[in-house]
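Participant: Need coordinates for the below:
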Amino acid sequence: MDETLVQDCHKTGPLESRTWDAAPRREEPGFGPAQTVMRGRFNQTDPGKGSVAETRDFQPSPETRQISSWTASFRSIPSTARFLMASRACRSLGQGALFVDFSLYLKAMHWTAPVIGSVLMSGLLFGALLSAWIGPLSDRMGRKPFLLAYEAVQVIAAGVAYLTAHPVWLIMAAIAGGYGRAGNGSAGPFAPLEHSWISQVIKRNERGWVYSINTAISFWGMALGAGLAVLPGLESVRYPVAAQAFRPIFLIVLAGSLMSTGLIYLARDSQPPSETFRSSPEQRHLDKEENRLLVKLAAINSLNGMGIGLVGPLIPYWFAIRFGEGPVAIGPVMAMSFCLAGLSSVVSGHLSRRIGVIRAVVGLRLVGLVLLVFIPFMPVFWLASLCYVVRAACNLGTAGARQALSISLVREHRRGLAATLNNISIQIPRAIGPLAAGLFYSSGMLVAPFFIALLFQGGYLALYFRVFQSADPSLFGYP
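Facilitator: A predicted model of the protein is given here:
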């Protein structure tokens, strides 16, 4: 290892002073690869004896070794992947703010729950259909141009939404920008491109934890954005907040998209792989096997998408009508849920290395499934919020590991297709959820969406474990 651990220790007394000069780390026989030893020069100064220097070895503490290991692991990620991870973090700021405030903004303008659900549904459907066309195309043309175009659209949509509240223009901006969904920093319909781009530079058996770190960073960005969502409520002592107070939130989206554009520009897009080898009988057989797995993944994902759509997109609206709370109360709850989801994503990444991606995903999501039952029956806001925060951490924290599985089911030249199918198989069923939930809420049925979501997600977990346990990418050591 060529890294240097720098430690300065100063001890000052009446007669002497001591300093350590750090030297490069080295492996020491008997300590093992994780227990390295520092060799440094020990300088002792005594007024009567002058300066005496000697060399000593010391073993870093467990905490120092752990931090050094995490730092080394992150630095081992190629620069292209790090640029894309940073761009996702910038993008997640606006998404976190709008996840809290967009439905509350429309409610403040007296839009009904079914209408709000229809707007969210339209944005999700538009993104899913566009993704179906863009994903396979990117396998031949590269990823960077599409992601740069996406950020340009985000800048324009945010500018329109900030400048006008006219329903037609606002709906168009919301559909193009995918407003109100918990996108977790993803590039909407272009998210499969981002995932497959990262996969080009990451080994197959390392994707579980790398994608988990990527997701964790975006969750922390979402948490910061959700924290900024309290700003409209600070202008008013009471809830409901005036509609115009929400419009500056779109400036956060605009700023995040501009920063994301610069980072994507710095990332290096590799040439699309050659497809000439597809004609051999062996490759055609592999295509059929991969297609079979992808069809199963799409069918199972549809159950997850329905469950997510019924609860997730309108949960801030549900808190508002169930407990009469506004952005000042709801924003910190969402921020905490995303913050813990980031930590959960790191945990799931480490678990995927130890017990496999599938067991890590199913274990964490089972905890979230149990908590889903309790949320609608909590009598006060803080108890419902607590259940939601823990549930969101368990559910959202597995997103990176699930992305890694979908990418690893196919060979390199089909990753765009796999990521696209994974995305649309969740997003199209998910798009139905907000409209259905809006109809339930407008009828005063605040519990039914939670129990319907419970059935869908329970079936998803059972099938996910049964079908994909043998295809777990973390169990194999090849790229």
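Participant: contacting residues around Ser344?
Facilitator: Ser344 is in contact with 364, 393-394, 396-398, counting by C-beta atoms under 8 Å, 6 or more residues apart in numbering. For every residue, glycine as well, the C-beta is placed using N, CA and C.
Participant: quick check, nearest of those residues to Pro316?
Facilitator: Using C-beta to C-beta, Leu396 comes nearest to Pro316 of the contacts of Ser344, at 15.2 Å.
Participant: my read: the closest one touches Ala341, true?
Facilitator: Yes. Assessed by C-beta atoms under 8 Å, Leu396 is found in contact with Ala341 at 3.8 Å.
Participant: what touches both of these two?
Facilitator: Phe219.
Participant: And for the closest residue to Leu366 other than its chain neighbours, the neighbour number?
Facilitator: Spatial nearest neighbour of Leu366, chain neighbours left out: Leu461 (6.5 Å); criterion: C-beta to C-beta, 6 or more residues apart in numbering. The tally of other residues near Leu461 (other C-beta atoms under 10 Å) stands at 20.
Participant: tell me which element Leu461 is part of?
Facilitator: Element membership for Leu461 (DSSP states H and E) is helix 448-468.
Participant: Give the buried residues for the helix or strand containing Ala174.
Facilitator: Per DSSP H and E: Ala174 is located in helix 167-177. Neighbour counts using 16 or more other C-beta atoms under 10 Å place 170-171, 173-177 of helix 167-177 among the buried residues.
Participant: can you list contacts of that helix?
Facilitator: 102, 119-120, 122-123, 126, 153-154, 156-158, 160-161, 164, 179-180, 188, 253.
Participant: Just the residues you listed: which are in helices?
Facilitator: Applying DSSP state H to those, the entries found in helices are 102, 119-120, 122-123, 126, 153-154, 156-158, 160-161, 253.
Participant: of all these, which two lie farthest apart?
Facilitator: Distance extremes for these: the farthest pair is Leu120 and Ile156 at 20.0 Å, using C-beta to C-beta.
Participant: of the two, who's got more company?
Facilitator: With neighbours defined as other C-beta under 10 Å, Leu120 and Ile156 compare such that Leu120 has more, 31 against 15.
Participant: I'd like to know how far the spatially closest residue to that one that is not a sequence neighbour sits from Phe102.
Facilitator: Among residues not flanking Leu120 along the chain, Pro434 sits closest, at 4.0 Å (C-beta to C-beta, 6+ apart). As defined by C-beta to C-beta, to the nearest Å, Pro434 lies at a distance of 11 Å from Phe102.
Participant: and for those two, which residues touch both?
Facilitator: Joint contacts of Pro434 and Phe102 (C-beta under 8 Å, 6+ apart) do not exist.
Participant: rewinding a little: please write out the alpha-carbon positions of the helix holding Ala174 in PDB.
Facilitator: The C-alpha coordinates for helix 167-177 follow below in PDB (Å, rounded to 0.1, in the frame of the first residue of the first chain):
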ATOM      1  CA  PRO A 167     -51.800  25.100 -14.600                       C
ATOM      2  CA  VAL A 168     -50.900  24.200 -18.200                       C
ATOM      3  CA  TRP A 169     -47.300  25.400 -18.000                       C
ATOM      4  CA  LEU A 170     -46.900  23.900 -14.500                       C
ATOM      5  CA  ILE A 171     -48.200  20.500 -15.500                       C
ATOM      6  CA  MET A 172     -45.900  20.500 -18.500                       C
ATOM      7  CA  ALA A 173     -42.900  21.400 -16.300                       C
ATOM      8  CA  ALA A 174     -44.000  18.700 -13.800                       C
ATOM      9  CA  ILE A 175     -44.200  16.000 -16.400                       C
ATOM     10  CA  ALA A 176     -40.900  16.900 -18.100                       C
ATOM     11  CA  GLY A 177     -39.100  17.300 -14.700                       C
END
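Participant: tell me the average confidence for that helix?
Facilitator: Here helix 167-177 scores 94 as its mean pLDDT.
Participant: can you pick the most crowded of the ones in helices among the contacts of helix 167-177?
Facilitator: Neighbour counts for these, by other C-beta under 10 Å, peak at Leu120, which reaches 31 neighbours.
Participant: quick one: secondary structure of the residue most central in space within the chain?
Facilitator: What sits nearest the mean C-alpha location of the chain, by C-alpha atoms, centre = their mean, is Thr215, with 2.9 Å. With DSSP: H, G, I helix; E, B strand; the rest coil as the basis, Thr215 sits in helix.
Participant: contacting residues around it?
Facilitator: Contact analysis of Thr215 by C-beta under 8 Å, 6+ apart lists 184, 342, 345, 396-397, 399-400, 403.
Participant: how about those, which pair is most distant?
Facilitator: Greatest spacing in these, by C-beta to C-beta: Gly342 and Gln403 (15.2 Å).
Participant: since we're on Ala152, how many residues are nearby?
Facilitator: Ala152: 12 surrounding residues under other C-beta under 10 Å.
Participant: wait, it sits on Thr261?
Facilitator: Yes. Contact criterion C-beta under 8 Å: Ala152 and Thr261 qualify, at 7.4 Å.
Participant: mind showing which ranges of the stretch 301-450 of the chain have poor pLDDT?
Facilitator: Within the stretch 301-450 of the chain, no stretch has pLDDT under 70.
Participant: show me where it has helices.
Facilitator: With helices called from DSSP state H, counting those that start in this stretch, the stretch 301-450 of the chain shows them at 315-323, 327-354, 357-374, 381-396, 399-408, 415-442, 448-468.
Participant: now do the stretch 151-300 of the chain
Facilitator: Using DSSP H, counting those that start in this stretch, the helices of the stretch 151-300 of the chain run over residues 167-177, 191-200, 207-228, 231-234, 249-266, 281-311.
Participant: Can you lay out these as a markdown table showing distance to Arg415?
Facilitator: Shown next, in a markdown table, are the helices of the stretch 151-300 of the chain (distance: least, C-beta to C-beta, whole Å):
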| stretch | distance to Arg415 |
| --- | --- |
| helix 167-177 | 26 |
| helix 191-200 | 4 |
| helix 207-228 | 11 |
| helix 231-234 | 39 |
| helix 249-266 | 18 |
| helix 281-311 | 11 |
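Participant: looking at these, which one has the lowest mean pLDDT?
Facilitator: Here the lowest mean pLDDT among those goes to helix 191-200, at a mean of 78.
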